[in-house]
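Participant: next input, structure requested:
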Amino acid sequence: MKKSKKLIAVFVLISLLLAGCGGKQQAPAACRVVTGVHIVFDDGPLHLERQYTVSSKVRAILNYLRWLDPYGLPEEDPESVTGSSFRITLQYSDGCEKQYVQKADRFLLEDGKPWQRIDPKRAQTLSQILGQMGSDEK
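Facilitator: Residues are numbered from 1 along each chain as shown. Below is the predicted model of the structure:
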């Protein structure tokens, strides 16, 4: 009985050691950060653009996007709904970009994902943030 337990333990140990040797090595994840945010607001004739590169302002927009917490597919087509729209483009240190569209303070579209519903009260916060933060100088 003791020999079989020792034998099993040896096989398990050898299996674990060999499993680490034969696998493909994965490249380390690229370290990238958001270096800028570009926001375009449109509501009929009203048009506003903001560019942020100062870390505290970029962080405010990123925190807003995290806080929104989209919660489900909309019942209607957000493309056909009238209302304001915000196009938020995140610019990364590796040159990549990611876009979000907030429509009518009720819907959010994230790159590569379907439209999601968002809380209108939370969504109105973006207008307040933009009203308090002017664009950064280039």
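Participant: from here on, contacts and neighbour counts on C-alpha atoms
Facilitator: Noted.
Participant: how far out from the middle of the chain is the lengthiest strand in the chain?
Facilitator: Longest strand in the chain, counting residues (DSSP state E): strand 34-43. Its chain's average C-alpha position is 14 Å from that of strand 34-43, according to Cα atoms, centre = their mean, to the nearest Å.
Participant: now stretch 106-121
Facilitator: That offset, for stretch 106-121, works out to 12 Å (Cα atoms, centre = their mean).
Participant: and it, what's buried?
Facilitator: By 16 or more other Cα atoms under 10 Å, the buried positions in stretch 106-121 come out as 106-109, 115-118.
Participant: one more: stretch 88-104?
Facilitator: 88-91, 99-104.
Participant: next, give me the two most distant ones among those.
Facilitator: 91 and 104 (23.8 Å; Cα to Cα).
Participant: so which residues of this protein form helices?
Facilitator: 2-22, 55-68, 120-123, 125-132 (DSSP state H).
Participant: thank you kindly, that will do.
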